[in-house]
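**Q** fold the stuff below for me.
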Amino acid sequence: MCCAVFLHIMLIDESAFLEIGPNTKTRLFNVPLDTWPKWWCVAVYTFVSTCIAAFASDSVAPFIVNTVQDHKTRYIPYTKFTCLLIIQVWTTYAVIMGTIGLFVALTQIDFLIIRLAADLIVNFITTTYFLHDKVYDAVMYRQWERDQGAVRSQTYDEELLDVAIQDTDCGASAKSGTTLLRTANAPPNDAIRFFFAAK
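**A** Residues are numbered from 1 along each chain as shown. Below is the predicted model:
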């Protein structure tokens, strides 16, 4: 409905956005795209840059989320400085390319179509690669989810039992013969609950 409304408005006003090919109305960064060499230059740039951005999004972004930002991943394949550098370069690239891509996409509808086509092609290739070794089985997937939940619960219980005995330095607990029990990786609240459960 939104597309239909805006399309109607643009048709009434004869918007340059609906033009295809070079024309005197379309401007990119205040430069008129009035010749075929200029149009092809922007079109090729749009296709190539969108392919690179889509591939980087499907490869770098999962690395950042699943390896660097995931608290469950303790070990990283690169040094901390290298990981920080990767994220900073990726952020700078995403901001610059996103801004330029937005200007190009809003210039003319054919550039928007080129950008969409490039995105769909790269995403199809990367998703097909990711799905290559996958097997469709809804029942097994639900069983896997239950198993993962059970493994997480069991791991947490084992960490709770693997306590670190911390002797208080001349505190009231030491005087009364009580030892404070706290898990190695559990938050303070879990340590307190475990202490009272032991009591």
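
**Q** which strand or helix spans the residue nearest to the spatial centre of the chain?
**A** Closest to where the C-alpha atoms of the chain average out (C-alpha atoms, centre = their mean) is Ala61, at 4.6 Å. In the assignment (DSSP states H and E), Ala61 maps to helix 36-63.

**Q** quick one, the next helix or strand after that helix and helix 36-63 angle?
**A** Sequence order places helix 80-105 as the next helix or strand after helix 36-63, per DSSP H and E. Following axes from the mean of the first three to the mean of the last three C-alpha atoms, to 10 degrees, one obtains 140 degrees for the angle between helix 80-105 and helix 36-63.

**Q** heads up, I number from 517, so please use that
**A** In the new count, where the first residue is 517, that last one comes out as helix 596-621.

**Q** elements contacting helix 596-621?
**A** Helix 596-621 sits against helix 552-579, helix 625-647, with contacts defined as 3 or more C-beta pairs under 8 Å, 6 or more residues apart in numbering; DSSP states H and E. From N, CA and C alone the C-beta is placed, and that goes for glycine too.

**Q** and the longest one, what's buried?
**A** Translated: helix 552-579. 555, 558-559, 562-563, 565-567, 569-570, 573-574, 576, 579 (16 or more other C-beta atoms under 10 Å).

**Q** how far out from the middle of the chain is that helix?
**A** 18 Å (C-alpha atoms, centre = their mean, to the nearest Å).

**Q** so which of the helices and strands packed on helix 596-621 gets nearest Thr607?
**A** helix 552-579 (10.3 Å; C-beta to C-beta).

**Q** that older thread, which strands or helices does the helix holding Ala577 pack on?
**A** Using 3+ C-beta pairs under 8 Å, 6+ apart, helix 552-579 is in contact with helix 596-621, helix 625-647.
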